[in-house]
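Chemist: Give me the fold of what follows.
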Amino acid sequence: MVVQNRKKLERLDLESQRQVLEEDILIFSQHRGVKVKIVYDAAGRQTGENEICCEKKSGIDLVFCTTVEADIGLMIEAAQSLLEGAPYVMIATSDRAAQLDCTGPKTRVISSELLLKEIKDCKKRLRAKLLESQTQYARGRLAGAMNSDSDIKKLRDQLLQT
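Modeler: The predicted structure is shown next:
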């Protein structure tokens, strides 16, 4: 649903758009084997006294910046990830100033458009794997890992829904 259904996505409310983003990012992170944090600018959201509110959802860390700008939240979360032992941090943002501010020795900054392209390519590869496994199954052969790996089954179900 990343790019191919852009008009449909634009008709959704903000919370539904976030849900679509989170589902696409989940597929991407599971395929790539990476930990993901999504930082939202959540000005006006009621989260108590915290400037930054974190929650986990389906293996993704959601970060809501309520009183600080999301750009500052990106830098804070990147630094925290590096302190926790991450070998590097990849930051995707379309804000040019934030891209410059977040540049560092262990950070890779990419545009949001490039991230969306990588997600789309990832989904295309997973669909091809799914089609291959279905073809093997239809020919009477066991599809191997596609039938035994529960993560692949979850991804398959998510891809079939999109």
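
Chemist: Contacts only, for the residue positioned nearest the centre of the chain.
Modeler: The centroid of the chain falls nearest to I25 when counting by CA atoms, centre = their mean (2.2 Å). Contact analysis of I25 by CB atoms under 8 Å, 6 or more residues apart in numbering lists 36, 38, 60, 119. The C-beta positions use only the backbone N, C-alpha and C, and glycine is treated the same way.

Chemist: Turn these into TSV, columns for pLDDT and distance to P87.
Modeler: Listed next are the contacts of I25 as TSV, based on pLDDT from 0 to 100; distance: CB to CB, whole Å:
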residue	pLDDT	distance to P87
V36	87	15
I38	87	20
I60	86	19
I119	89	22
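
Chemist: Among those, name the ones in strands.
Modeler: Members of the contacts of I25 lying in strands (criterion: DSSP state E): 38, 60.

Chemist: Y40 and A70 touch, don't they?
Modeler: Yes. Assessed by CB atoms under 8 Å, Y40 is found in contact with A70 at 6.6 Å.

Chemist: follow-up on the earlier one: the residue nearest to the centre of the chain sits in which helix or strand?
Modeler: Per DSSP states H and E: I25 is located in helix 14-32.

Chemist: re earlier: which one of the contacts of I25 is nearest to R127?
Modeler: I119 (12.6 Å; CB to CB).

Chemist: Y40 and A70: which is more packed in?
Modeler: The neighbour count for Y40 versus A70, taken as other CB atoms under 10 Å, is higher for A70 (20 against 17).

Chemist: Name the nearest residue to the more buried one, ignoring sequence neighbours.
Modeler: D41 (3.7 Å; CB to CB, 6 or more residues apart in numbering).

Chemist: How many residues are close by that neighbour?
Modeler: When neighbours are counted by other CB under 10 Å, D41 registers 14.
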